[in-house]
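**Student:** Fold the stuff below for me.
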Amino acid sequence: MHCKRCDYPLWDMAARVCPECGLGFSPVDYEFVVNSVRFMCPHCRQAYYGTGEKGHLVPRRFTCVKCASAIDESEMLVLPTAGVSEVQTVGGVVAWRERAERGRLVSFFKAIGQAAFFPHRLARFCGQSARPLDACWFGLIVVVATVVLCVGWLGVLVTFFQGSRLGMQGNLMDMVALVWQGALWIALPTLAIAALTAAWIGSAQLILALKNPRPVSAAKTAESFGYAWGACFLMAVPCLGFYMIPFALIWVSVSAIVQLCVRHEVGAGRAVWAVLTLPLLLVVAMAGWIGLMIAMSS
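**Tutor:** The predicted structure follows:
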C-alpha cells in the first residue's frame, strides 16, 4: 500500500496522511488480493483478514474481539500477511494485459502511462507472474510507433520527393525501390533497438544474478525492459522527437531501474548498475572510436 501521489509506503501507519507529501489516504481506497494483508486493530493490534471484494473486510465496521473497541476498516493499520511479499498484495492490473477486455488502443495508452509515470505500481501489478513475450510485444509496438513519428515521416518525405522527380518516367522497379527505401527508414532503427534491447536485458540479468543469493528470474528482467520502452514515447513528436532521444532514453532507463528494484527486490544501487553498465560501455566505446578517427585524420 503506497501513496497514490508520491508512492511512499504506508504500511503499519496509524496516521491517515502521507508523511512524504501530505496526501490523505484510507485503506478502503486500495485494492488487495484476498487474505494477502492484515487489518489490525489500532488499539490492540488484533489482526483481521479481508475476505470480501478486493480484499476488504466484511463487515467493514465491527467490535474488536480482543479489546471490545468499535473499529472501522478505514482507521485500521495494514500490513502484508506473514509470509506474503508486498508485491503479492497488490490488486491492481497491468493495463496491457487487459487489452482484450478494455480495448487495445485504450490499454496501449494506459500501459504507456503506467510505464512512464508509475513504474513502481506497474511492477507491483505484475506480481509474481511474468509474461515477457507480452511485455516485449508491447515494447516493440511502442518502438515502431515512435520510430514512425520520430524519423519515419522524414523517410516518407524523401521518398515522395524522389518519386516526384521520377515523374511519369519512373517504372515499376523504380517505385518498388522507393517504397523499399521508405520502409528501411523504419525497419533499420527498429531492428537496431531490438538488438540493443536483447543485449541490454542479457547484461542486466548477468549483473543482477552476480553474487545474488536468491535466483533472479530472466523472465521478470525481460518483462521490466519490455514495459520500460513505453517511456520512449517522449520521442513521438514529429520534427522534435529526434532531439528528445537522450531524454527519452534516460526516462526508459529510470523506468527499468524502478521496475527491477520491485520485481527482484534488490537495492537501487544494484538496479542502477544493471541498467546503466551497457549504455555507459557503449558511450565510452563510441567516444573512443570518434577520438581514434579524429587522431587518424589529423
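
**Student:** Below-threshold pLDDT in the stretch 1-150 of the chain: ranges please.
**Tutor:** By pLDDT under 70, the weakly predicted segments of the stretch 1-150 of the chain are 87, 91-92, 128.

**Student:** Now do the buried residues in the helix or strand F108 falls within.
**Tutor:** Using DSSP states H and E, the element containing F108 is helix 104-117. For helix 104-117, a neighbour-count test (16 or more other Cβ atoms under 10 Å) marks S107, F108, K110, A111, I112, Q114, A115, A116 as buried. The C-beta positions use only the backbone N, C-alpha and C, and glycine is treated the same way.

**Student:** Distance from that helix to the middle of the chain?
**Tutor:** Computed by Cα atoms, centre = their mean, to the nearest Å, the chain-centroid distance of helix 104-117 equals 10 Å.

**Student:** I'd like the next helix or strand past that helix.
**Tutor:** Per DSSP H and E, the first helix or strand lying C-terminal to helix 104-117 is helix 119-126.

**Student:** Show me what the helix holding F108 is in contact with.
**Tutor:** When contacts are defined by Cβ atoms under 8 Å, 6 or more residues apart in numbering, helix 104-117 is touched by residues 94-96, 98-99, 102, 121-122, 125, 138, 141-142, 227-231, 233-234, 251, 255.

**Student:** which among the buried residues of helix 104-117 gets closest to A68?
**Tutor:** Proximity of the buried residues of helix 104-117 to A68 (Cβ to Cβ) peaks at Q114, which lies at 43.7 Å.

**Student:** Distance check, the closest one against C18.
**Tutor:** Distance, Q114 to C18, using Cβ to Cβ, to the nearest Å: 20 Å.

**Student:** picking that back up, can you select the buried ones from the contacts of helix 104-117 in PyMOL?
**Tutor:** Applying 16+ other Cβ under 10 Å to the contacts of helix 104-117, the buried members can be selected in PyMOL as follows:
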select buried, resi 94+95+96+99+121+122+125+138+141+142+227+228+229+230+231+233+234+251+255
